[in-house]
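> Test case, fold it:
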Amino acid sequence: MTMDTTYDLITADNIIPAIQNYYNWSELYRQAPTFTTFNNLGMLQVEATPTGGKGKGNYRVDFNKLTGMKTKYLLAADILDTAGDIDLKNCLTRGTSTIDTSTGFTLLNITARVGLGLRFVGTATKGGTSVPINALFRITVVTSAANWTVELLQSNLEDVGGADAYDAIDAASYCYITDVAEFGGEAPTADDMSTTQDYNYLQMYDVAYGKNMVAMSQNAKYNNANSENALAVQTRLFNSINTDIWFGLLNAAGNGPISGGDYGTMGGMWGMLGLEDTSANTDPSSIVAQVDTGTDIDFDTLEEALSARTYGSDNLLCFGSRKMSSKLAQAARLVNETVRTETVKFPRCSIQKRIIHVGDVTLNFISDDTLLNHPVFNDGTNTAGQGLMMVAFDAKKAGLFYHQNEKLGLMTPKTEPVLNSRNKRVDEYHMLSALTCGVWDKAAHFAYGITGS
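Coordinates of the predicted model:
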């Protein structure tokens, strides 16, 4: 029923559920926009019976940490010939060299094999003098993972005297991976994308409502159905999940169940993306992140930072505080970049987003005021000011994983009655869910902030 006045509320002894009946469902988005967005975009399901078992449903969820096959390498050290000199001259006679790349670069998700091509673009040094090079080698013998015999197929130095006796291909040159297959040859060794797994732990949420309401109602006309209270409790639960999705950490001791405690906690974006100090993560799949100095966003600097992200979609889902949303919009308008506002309608809520093009990347910015009070976000040099940061996700490489429980089914947030074993004049309910979040191909995502000073 609907009650319109305070008098009606008081005389009906029905204040608690009647006020809850006025609850505005649009506030759900305001309280937990990140969780609501990901929940509406679609969910991934985790099977009920994990391999090996991790304890009563609270177990680890594994997903591939794919980084792609890296085909361009910046040499971190000189490439030396381990058996003499590097031949950059004799293309017609297939001059051979033996190189060790262990300190220069390491192949990522690509197998060193006969027929693999290495194109070096940069400089080579002989007698202390460096010259520009563009040379293609073909691997003919694989001695070890980083020690190969190569033959020269192309070189810009093929007509240069003495070019068959270079000391090194210099650091800061590039190596591009290609193939030089042999007609009629055998199938090459497979290039595999198998990488170590990223993982997160399931966390179960269980919040009750309806307890102790008999005393509050003074045994009067209290409505024991409590259906209106569910709205407030649901938002409280979603807000809890939203906070954990963002601020959860990955502790060295693990987030999973232990002996005597069959419960675990999920790692959030701060833990999985290492936002506290992104420079500490040297994994090739680490997130692209930057924190600039200043009180406002420099749009050109932002575009340069975003262009450093060379992997993943160019249509990103971006979250930040309203403070950061306004900073981004102001920076865009200063360079005459259009700022559009659109509303996306889901069944029970509408989500407002700002659309801003930054170079060839589209940011769909959604405000989440949880990020007004975020933990430390540092790129190794600068620390973002409070509320002055954002994280942009490739939505195809991030999502929620819900537990498929054998007894409870798919554990999306749901309400269940607590059966009364005692003679009580109150209905008790609990709202429960079990899920975790995942972010893979981390180089596809982007984090940005300003110091505010």
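> mean confidence for stretch 279-294?
Averaged over stretch 279-294, pLDDT sits at 92.
> now could you export just the CA positions of it as PDB?
C-alpha atoms of stretch 279-294 as PDB (Å, rounded to 0.1, in the frame of the first residue of the first chain):
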ATOM      1  CA  SER A 279      55.700   0.200 -12.700                       C
ATOM      2  CA  ALA A 280      56.300  -2.800 -10.400                       C
ATOM      3  CA  ASN A 281      54.600  -5.100 -12.800                       C
ATOM      4  CA  THR A 282      57.000  -5.900 -15.600                       C
ATOM      5  CA  ASP A 283      54.800  -8.600 -17.100                       C
ATOM      6  CA  PRO A 284      54.200  -7.900 -20.800                       C
ATOM      7  CA  SER A 285      50.500  -8.100 -20.100                       C
ATOM      8  CA  SER A 286      50.600  -5.300 -17.500                       C
ATOM      9  CA  ILE A 287      48.100  -2.500 -17.800                       C
ATOM     10  CA  VAL A 288      49.200   0.700 -19.600                       C
ATOM     11  CA  ALA A 289      49.000   3.400 -17.000                       C
ATOM     12  CA  GLN A 290      50.100   7.000 -16.500                       C
ATOM     13  CA  VAL A 291      49.800   9.700 -13.900                       C
ATOM     14  CA  ASP A 292      50.500  13.300 -15.000                       C
ATOM     15  CA  THR A 293      51.300  16.300 -13.000                       C
ATOM     16  CA  GLY A 294      48.900  19.300 -12.900                       C
END
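> Just the buried residues of it, please?
Neighbour-count burial for stretch 279-294, with 16 or more other C-beta atoms under 10 Å as criterion, is recorded at N281, P284, S285, S286, I287, V288, A289, Q290, V291, D292. Bear in mind the C-beta positions are built from the backbone N, C-alpha and C, glycine included.
> Let me have those residues in CSV, extended by distance to A443 and secondary structure.
Shown next, in CSV, are those (distance: C-beta to C-beta, whole Å; DSSP: H, G, I helix; E, B strand; the rest coil):
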residue, distance to A443, secondary structure
N281, 11, coil
P284, 7, coil
S285, 5, coil
S286, 7, coil
I287, 7, coil
V288, 6, strand
A289, 11, strand
Q290, 14, strand
V291, 18, strand
D292, 20, strand
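> of the residues you listed, closest to N64?
S285 (10.2 Å; C-beta to C-beta).
> Excluding chain neighbours, what is closest to the closest one?
Leaving aside its sequence neighbours, S285 sits nearest to T67 (C-beta to C-beta, 6 or more residues apart in numbering; 4.1 Å).
> Can you name the residues that contact that neighbour?
With contact set as C-beta atoms under 8 Å, 6 or more residues apart in numbering, T67 has these partners: L108, N109, T195, D283, P284, S285, Y311, D441, A443.
> do N156 as well
P132, I133, N134, A135.
> Give the buried residues for whichever helix or strand the third one is part of.
Under the criterion of DSSP states H and E, N134 resides in strand 129-144. Along strand 129-144, these residues count as buried under the neighbour rule (16+ other C-beta under 10 Å): I133, A135, L136, F137, R138, I139, V142.
> So what are the sheet partners of it and their directions?
Under the criterion DSSP bridges, strand 129-144 sits next to strand 116-126 (antiparallel), strand 147-155 (antiparallel) in its sheet.
> May I see the buried residues of the last one?
Just to be clear, that refers to strand 147-155. W148, T149, V150, E151, L152, L153, S155.
> do the same with the first one
Across strand 116-126, burial judged by 16+ other C-beta under 10 Å covers L116, G117, L118, R119, F120, V121, G122, T123, A124, T125, K126.
> From the residues you listed, pick the one nearest A172.
Once C-beta to C-beta is applied, the member of these that ends up nearest A172 is G122, at 6.6 Å.
> pretty sure the closest one is touching I133, no?
Yes. In this structure, G122 is within contact of I133 by C-beta atoms under 8 Å, at 6.4 Å.
> who touches both of the two?
Both G122 and I133 are in contact with I169, S173, where contact means C-beta under 8 Å, 6+ apart.
> any idea how far H374 is from the residue nearest to L273 when sequence neighbours are not counted?
Leaving aside its chain neighbours, L273 sits nearest to I287 (4.7 Å; criterion: C-beta to C-beta, 6+ apart). For I287, the distance to H374 equals 15 Å [C-beta to C-beta, to the nearest Å].
> Who does F319 form a beta bridge with?
For F319, the beta-bridge partners are I366, V391 (DSSP bridges).
> dump the residue contacts of it.
Here F319 is in contact with P33, T34, F365, I366, S367, D368, L371, M390, V391, A392, F393 (criterion: C-beta under 8 Å, 6+ apart).
> what about it, distance to F393?
8 Å.
> Output the below-cut-off pLDDT ranges for the stretch 101-250 of the chain.
211-228 (pLDDT under 70).
> quick one on the thing from earlier: helix, strand, or coil at the residue nearest to S285?
coil (DSSP: H, G, I helix; E, B strand; the rest coil).
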